[in-house]
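Asks: structure of the sequence below:
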Amino acid sequence: IMCIFVPHDSDDQAVARANDCPFALSSCAFAKDPKRAKALASKLDAGMSAVNDLEGTTYLSQSLPFGGLKQSGFDRFAGPEGLRGLCTVRSVCVDKLAFMRTAIPGPMQYPSKGKGHLFAMAVVKLFYGGSVLDQIKAIFSLIKASL
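Replies: Residues are numbered from 1 along each chain as shown. As a prediction, the model looks like this:
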């Protein structure tokens, strides 16, 4: 995980700093102005980008292409784009409706309170649990990790 946060840097300097990395699987751009965050995300060298959200949104949707650039690999699987392995295809997730904004759940926000991993594991179990009982347990785990 690389976090680029230097208040006096310009957006171009921050993008250059982020792109000066041999790995480029996924990226996120955060800004108060969603248009600014989207512009930043479009300049980041990465196989997937999320705008004002965690990169998890780019791989939790199984219909989006998954893959990276540079030393993170060059190819895609999932989605129709998986067939275009020699192309550079990107996923960019943006909130389309102003009144419906995605937000990073409290346990996953920085500064960390030490429960983010428990919350993330519960989300995975909720969506991919083998049974209804597993999913019910996951809901209780989500509640516990949120407190």
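Asks: any low-confidence regions in this protein?
Replies: 1-8, 55-59, 61-63, 74-89 (pLDDT under 70).
Asks: please, where are all the helices along it?
Replies: 11-19, 34-43, 56-60, 116-128, 132-146 (DSSP state H).
Asks: those into CSV, with extra columns for distance to Ser26?
Replies: Every residue, glycine included, has its C-beta placed from N, CA and C. Output for the helices of the chain, formatted as CSV (distance: least, CB to CB, whole Å):
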stretch, distance to Ser26
helix 11-19, 12
helix 34-43, 11
helix 56-60, 6
helix 116-128, 15
helix 132-146, 23
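Asks: need the ones you listed in JSON lines (columns: mean neighbour count and distance to Thr102).
Replies: Formatted as JSON lines, these follow (neighbours: other CB atoms under 10 Å; distance: least, CB to CB, whole Å):
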{"stretch": "helix 11-19", "mean neighbour count": "15", "distance to Thr102": "21"}
{"stretch": "helix 34-43", "mean neighbour count": "17", "distance to Thr102": "11"}
{"stretch": "helix 56-60", "mean neighbour count": "18", "distance to Thr102": "7"}
{"stretch": "helix 116-128", "mean neighbour count": "15", "distance to Thr102": "13"}
{"stretch": "helix 132-146", "mean neighbour count": "14", "distance to Thr102": "16"}
